[in-house]
Structures are given as structure tokens and as C-alpha cells.
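**Student:** Okay, structure incoming, though there's no sequence with it:
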């Protein structure tokens, strides 16, 4: 149901191209979204009609995460450009705050293996891209 | 990918149509008002039908938001909805034969901008129109766009919300933020009504006074305002409501949640209480020395007038014309400063004043110390200590500049059109400009049209903040110039 969906809070850590795009699309669907980044200037990537909250701060800061209401969040997406920060934030969300849905972005394919058995959902852009490109190559043949 | 959306202008017209029919509820309680119902029903129903037709027939094309075009569209829509409100709000008063069309328009502008200047005489006006006045202030206090966002989910809600001058985002979702604000103030109104009722006002008056005090609006159901009740308890209670009304909504919620420690550090709030204490004392002392009031009465009158003008409400407990000039000047100063940002008060807003004073102090310090010294200006907000950026300072200073130019030009124009002294001109213009809304005797049923026009412009400029009107005006002239160029080419 679309209506229930709007009551779920999503916290996005890192306002890069991916984080901003994600935040904009959730906000456009009238969902609750908080985006955290330690650089204020990065929030310019958010669209003019972004309706959520943008917080300046460290995404691995426990007080900040608590103040943002991470205990009530249904999803946390760690998508900064720093792999280790992402991993740290994702593990905190999962282990300290018991967030149901945790999404972690890593660029290094080999790190993906580490989280295969945990509850954290890992996404690796280079792997996704390579798969897509491979499909194009196969299709072109 | 483009998607057709139903027209937002149409939706706004439907909403305003529905809202304009709300005062009809009074007829349930007072059967003698039934004969006036047509004057509310006609404009309401016409607006609803027209709005429905427009929203069905003229679809808007959805676009990816580009800053410049979406800003332009938001400003157009916000200006349209406010002016449409003014128009629809004026019709019942005109159709009901209470005022002529021009006076009705003035009354409506005064209502929706929560100013409270009036050309009606409450004791000679049917109850239903008093309810209409109060309800206009209720809608205007929230802001018509905020009401729109509460009801309708819209892609550009945030653009509209910020364009209307709301700065707070309290929750991670704009519609929920709007609903939270709506809920908070309605709850406060209910509490206020109960309070006034217990103090001995009848239910209708209690409700009206709760609304006008909280929204710092200032219409009254009695000719002489709150002084009609002549009760110190009523004055004190309305003072509390006015102070609540001039506190930022976000801070108000923090107080409800019990975060007193954070709240007590907020610079703007502290500044407000310092101002109230300082000016209140000066006002009370002046009253004591220059009038024949007793000590406790002077104290109450001094503080009451300062709170009333700082929160730009416009309740008063003493005949304004007999106040000593010093108190009048303090009141002018207070109403120009206004309440906290994000509250229902008008004026410059105290956050701007804080930035101004801090910057002035800093430039003094820098002038008298080594040229290598670097200073940054910081203040405490609800979310902790923050450095004020140069961009903010620049914006604040230019706003203050615009504000005072408008004030000086307007006050001087008033002295010409209303043939009054400079102090009276300043008082009256500042009163309209800051949405204070007490007249020093210039505005009334027999005021000439030019004076009313100047005051109307002042009220609109004051409520919607100057920039949006300037930008909107420049768009209007741009498109007008483009049209003229096209015609001359033919």
C-alpha cells in the first residue's frame, strides 16, 4: 500500500550523487527522509523541491544518529564516497540500533564478500555496471 | 516523460471557496444571522465551481524542477493565491452591504495579513461578519499555502512553502511538518479559549480572542478591544498567549517536549525576553511619571503595550491617543523589530536584529584591533551553536535596508494623504507594515481612499516579506514589456 509506505523513515548517509538522487526520489514520493553529510555544500545536489531534512554532521556520530531518530528508521542507506565510513555506519545501524533494512555501498568488489552472510544488504556499483555492460555486449553480438 | 497534472490554481480556488464559507456555521447558533448567509454562499460556491472547471480543463505539464522556472512559478502561484484570497474575503462584506467594495477589500487585506486595522465598528456589525474577520486572520496566520499543503499532496510543496516565507522544516516530510504546525496551533487555540472562558468571557469572544492573540492578529469583537473586560487577569492571560504566538513554532514544540535546557540557550529567544524586560520597564516608568495611573496599573499597561507591539498583535488596554510620546516611540520600535522568525508575528523578525547587532559590534572590535585579526559571528539556534555566514549577513542587511526605505517613504506619504503629524504617520504606517494593526486615529470608517491604499500596500509588503513582491513585480513587468515589444513589431 502506498499510504503505509509514507510513514517509513529513511536515513541516508552521504549526500553525493547517489545519496542526493535517492533522497530526491523518496521525497518526491512523499516519503520521510533525512540526509546526513558533513559538508554543507554537498546539499546543493538536492533538488529545489526536496521536502526532507538535511543535517550537517558525521554519519557515524551516535548522538547525531539518535537525534535524527534512527531508532524509528525503517531504512538506513550508507552511501558516502568513503568505503570505510559506509561500513562503519552500516554496522552501527544494524548492530547498535537494530534497523531492519540497512543498505551499504562498497566500491571494492572483494569487500562485498565479507557481508554476504550478515543482514546488511550490500550493493557494488562496479559490479552492477559490469553486469549491465556485459549484457549489452552479449546483446550486440 | 511528461505527466499531466490537474491545475494548482484551480485547486487553490476550490480551497479558498470552501474556506470562505466556514463563517456560515455561525448561523447554526444564531438564527438572526441567516439573512446574511447569501453573501458567503455566493462567492464561495462560484469560487468552487470556477476552481473545479479550471482544475479539470487546464492541465499543467509536469517538469523536472529547474531552479529559475520553478521559483518563478512558485512566486506566481503564491501571489495569485494571496490576492485571490483578498478578493474572495472582501466579497461577503460588500455583498452583505456592510462596506463599499474598496473598504471591503481593505478589510480583507487587513484580515489575511493578520494586521487588524479595521474600518468596521464591531458593535454595529452582525456577528457573522465578526466571525468572518476572525476566520480570515486564522487562515492568514497559518498562511494560505500552508493550508493548501495540508490538504493536497503536491510536487512543488516545498517551493511554495518556502516562497510563502516559512523557514522551518520540523519533520522529514513537508506535508507532515505543515500538519504538525496546524495541529499545534489549533490545540493552543482550544487551550486559550478555555482559559478566556474561565476568566469570564462568553464562548464566542473567548474563541475570537484566543485566535487573535495567538496569531498575533488583533481584530476584536468589541469596539475598545480587550479593555472592554477591564480585568487584569484577562490582560495577563492574553499577554501569555501573545508571547507564545511570537515564539518560533519549532522552539514551541521543543518546550512541549521538555527540552528547556536547549531552549534557554537560544539567542533569539533570550533577546526577545531581554527586550520585553527592558522596554517594558521603560514603558511602565514613563506611564507612572507622566500619567495619573497607579504603580501596578502603570506596570501592567507598560508591559502589556510592549508585548502587544513586539508580538505585533495589536491588543491594547489603554487609549492609544492618550499615551505619552515616549511610550508611543517604544511601541513603534517594538513593532518594527517584531517577534521570532518562524512565528506568527510580523515586523523585521528578531533574528535579523540579532545578526545586525552582532555584526555592528564585530566591526567595531575589528576596527580597534590588529588588521590580522579574524572574527566570526556565531549564535545559538535550536540545533546548537552556529556560525553566521557572510551570505546570511549580506541578505539580512539588504533586507533591513529595503525595510527602512519602505518605512520612511510610506510614513511620509501618509503625512500627506492623511494630513497628520510625522509621529502619527510613522505610528500608523509601522502599524500596518508590521501587521500590528492599532490605529492612532487615522484609520476608520471615514478614511480617504489614498490612505487606505498606502496602508494596504504596507500590509501586503509586511506579511509576504518584501522580496517576493519585488521579484513578482519584476516578472510581471518583464512579461508586460515582452508583450508590448511583440505588439509593436506587428
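**Tutor:** Now that the structure is in, tell me what you want to look at. This structure is a prediction, so every number in the text was calculated from the model and none was measured.
**Student:** contacts, neighbours, all on C-alpha from now
**Tutor:** OK.
**Student:** which residues of the stretch 251-400 of chain B fall in helices?
**Tutor:** B:260-265, B:267-290, B:295-310, B:325-337, B:350-367, B:390-417 (DSSP state H, counting those that start in this stretch).
**Student:** orientation of the fifth one relative to helix B:267-290 in degrees?
**Tutor:** Spelled out, that is helix B:350-367. If you take axes from the mean of the first three to the mean of the last three C-alpha atoms, to 10 degrees, helix B:350-367 sits at 100 degrees to helix B:267-290.
**Student:** Settle this for me: residue B:227 is touching residue B:316, isn't it.
**Tutor:** Yes: judged on C-alpha atoms under 8 Å, residue B:227 makes contact with residue B:316 at a distance of 6.9 Å.
**Student:** With neighbour numbers in mind, choose between those two.
**Tutor:** residue B:316 (21 against 17; other C-alpha atoms under 10 Å in any protein chain shown).
**Student:** which residues touch the more buried one?
**Tutor:** By C-alpha atoms under 8 Å, 6 or more residues apart in numbering or on different chains, the contact set of residue B:316 is B:225-227, B:304-305, B:308.
**Student:** what residues does chain A put near chain B?
**Tutor:** A:9, A:27-28, A:30-34, A:47-53 (C-alpha under 8 Å from any C-alpha of the partner chain).
**Student:** quick one: which of those has the most company?
**Tutor:** In terms of neighbour count, residue A:51 stands highest of the residues of chain A next to chain B at 31 neighbours, by other C-alpha under 10 Å.
**Student:** Confirm it sits in a strand?
**Tutor:** No: secondary structure of residue A:51 (DSSP: H, G, I helix; E, B strand; the rest coil): coil, not part of a strand.
**Student:** The closest residue to residue B:121 other than its chain neighbours: helix or strand, and which one exactly?
**Tutor:** Closest residue in space to residue B:121, ignoring its immediate chain neighbours: residue B:223 at 6.4 Å, by C-alpha to C-alpha, 6 or more residues apart in numbering or on different chains. Per DSSP states H and E: residue B:223 is located in neither a helix nor a strand.
**Student:** Residue B:223 reaches residue B:123, doesn't it?
**Tutor:** Yes: using C-alpha under 8 Å, residue B:223 makes contact with residue B:123 at a distance of 6.2 Å.
**Student:** quick one: what helix or strand has residue A:88 in it?
**Tutor:** Using DSSP H and E, residue A:88 sits within helix A:83-95.
**Student:** In that helix, which residues are buried?
**Tutor:** For helix A:83-95, burial by neighbour count (16 or more other C-alpha atoms under 10 Å in any protein chain shown) applies to A:83, A:85-87, A:89-94.
**Student:** need the contact list for residue 79.
**Tutor:** Chain wasn't specified; assuming chain A. A:12-16, A:18-19, A:86, A:104-105.
**Student:** Hmm, no, I was thinking of chain B.
**Tutor:** B:469, B:472.
**Student:** Helix or strand for it, just tell me which one.
**Tutor:** Element membership of residue B:79 [criterion: DSSP H and E] is helix B:67-95.
**Student:** ok, then the element right after that helix?
**Tutor:** Next along from helix B:67-95, by DSSP H and E: helix B:101-112.
**Student:** tell me the contacts of residue 120?
**Tutor:** With no chain named, the answer covers chain A. Contacts for residue A:120 (C-alpha under 8 Å, 6+ apart) come out as A:90-91, A:94, A:101-104.
**Student:** ah, no, chain B please
**Tutor:** By C-alpha under 8 Å, 6+ apart, residue B:120 lies in contact with B:99, B:444-445.
**Student:** go again using 7 Å as the cut-off
**Tutor:** Contact analysis of residue B:120 by C-alpha atoms under 7 Å, 6 or more residues apart in numbering or on different chains lists residue B:445.
**Student:** Looks to me like it is in a helix.
**Tutor:** No: using three-state DSSP, the assignment for residue B:120 is coil, not a helix.
**Student:** Just give me the neighbour total for residue 22.
**Tutor:** In the absence of a named chain, chain A is used. 19.
**Student:** Switch to chain B, please.
**Tutor:** Residue B:22 has 15 neighbours, counted by other C-alpha under 10 Å.
**Student:** Just the pLDDT for it.
**Tutor:** pLDDT recorded at residue B:22 is 90.
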